[in-house]
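1. need the 3D shape of this:
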Amino acid sequence: MIIKGHGGATSIQNNVENPFNVRSEENIELKQQLAQSAMSLIPNGATVMLGTGSTVLELAKLLIMRDDLKIFTNSLPVATYLLSSNSECYLLGGKLRSKSSSVYGGWTESLLKQIQVSICFLGSDGFYNFAGPTSPSYSDASIDAVILQQARKKYILADKTKFKRTSLYQITQWSNITGLVTNKNAEEDLLAKVKQQTVVITA
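-> You can find the predicted model right below:
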């Protein structure tokens with residue numbers, strides 16, 4: 001972990017990726033707020049792609065109450081929760097990646113390229129001083145980039161702590177994202193920087 005100062009602000013770059021079960025316990029209340037807001041973005045009968053983020057998992061927990069969706073995911077924890085859903089749910093195939101509890105690789109990418117969804121939701125490890133969301137894993141970032149290509153509306157779910165965090169691999173630029181869903185009490189100057197590049201939805 002490297003701490004860098006930038007004009008009085010402090011950013012944290014993660015060089016060590018925590019396991020998914022650790023990240024899923026961090027800032028749960030903040031993530032639940034975002035999940036509630038994201039629910040309102042999903043129209044009836046939508047086709048939905050859910051990525052591997054821990055905030056996306058909180059959204060999956062709410063989606064089990066819906067029965068009108070087709071949901072695709074490469075996340076094992078998300079798929080486990082969706083077992084309780086009455087919607088039509090699909091887990092993509094691929095090579096298992098333990099740190100993110102997900103699947104990735106050429107097979108996963110090939111399957112994704114056969115799917116067009118109406119909306120997708122991805123997480124991010126942070127985006128301080130980046131022109132878009134980042135991931136600590138090149139494998140996960142590559143899969144996320146393909147997911148974005150296959151979705152008409154593309155949302156990033158990231159709690160307010162991610163404004164001062166960053167990671168190694170940029171997934172895409174904010175200009176390619178429909179909107180960022182984050183907490184309403186995030187710092188205004190940091191929000192303003194992202195608002196110059198994409199829509200920001202606060203919860």
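2. do a quick rundown of the helices in the protein.
-> 20-23, 28-39, 54-63, 76-82, 106-112, 138-149, 188-195 (DSSP state H).
3. now render the ones you listed as CSV, adding mean pLDDT.
-> As requested, the helices of the chain are exported to CSV (pLDDT from 0 to 100):
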stretch, mean pLDDT
helix 20-23, 57
helix 28-39, 96
helix 54-63, 96
helix 76-82, 96
helix 106-112, 97
helix 138-149, 97
helix 188-195, 93
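4. to Lys99, which of these lies closest?
-> Of all the helices of the chain, helix 20-23 sits nearest to Lys99, with 6.8 Å by C-beta to C-beta. C-betas here are computed from N, CA, C, even on glycine.
5. low-confidence ranges in this structure?
-> Residue ranges of the chain with pLDDT under 70: 1-25.
6. those strands in it, which residues are they?
-> Ranges of strands within the chain are 2-6, 9-13, 47-50, 70-73, 88-91, 95-97, 102-104, 117-122, 134-135, 151-157, 165-166, 169-170, 179-182, 199-202, based on DSSP state E.
7. now these as CSV including mean neighbour count?
-> Below are those laid out as CSV (neighbours: other C-beta atoms under 10 Å):
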stretch, mean neighbour count
strand 2-6, 9
strand 9-13, 15
strand 47-50, 24
strand 70-73, 22
strand 88-91, 17
strand 95-97, 14
strand 102-104, 24
strand 117-122, 23
strand 134-135, 25
strand 151-157, 23
strand 165-166, 21
strand 169-170, 18
strand 179-182, 24
strand 199-202, 16
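8. these into JSON lines, with extra columns for distance to Leu190?
-> Formatted as JSON lines, those follow (distance: least, C-beta to C-beta, whole Å):
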{"stretch": "strand 2-6", "distance to Leu190": "11"}
{"stretch": "strand 9-13", "distance to Leu190": "8"}
{"stretch": "strand 47-50", "distance to Leu190": "26"}
{"stretch": "strand 70-73", "distance to Leu190": "29"}
{"stretch": "strand 88-91", "distance to Leu190": "35"}
{"stretch": "strand 95-97", "distance to Leu190": "30"}
{"stretch": "strand 102-104", "distance to Leu190": "28"}
{"stretch": "strand 117-122", "distance to Leu190": "19"}
{"stretch": "strand 134-135", "distance to Leu190": "15"}
{"stretch": "strand 151-157", "distance to Leu190": "14"}
{"stretch": "strand 165-166", "distance to Leu190": "11"}
{"stretch": "strand 169-170", "distance to Leu190": "17"}
{"stretch": "strand 179-182", "distance to Leu190": "10"}
{"stretch": "strand 199-202", "distance to Leu190": "10"}
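9. quick one on the thing from earlier: pick the most buried one from the helices of the chain.
-> Greatest average neighbour count among the helices of the chain goes to helix 54-63 (a mean of 24), per mean count of other C-beta atoms under 10 Å.
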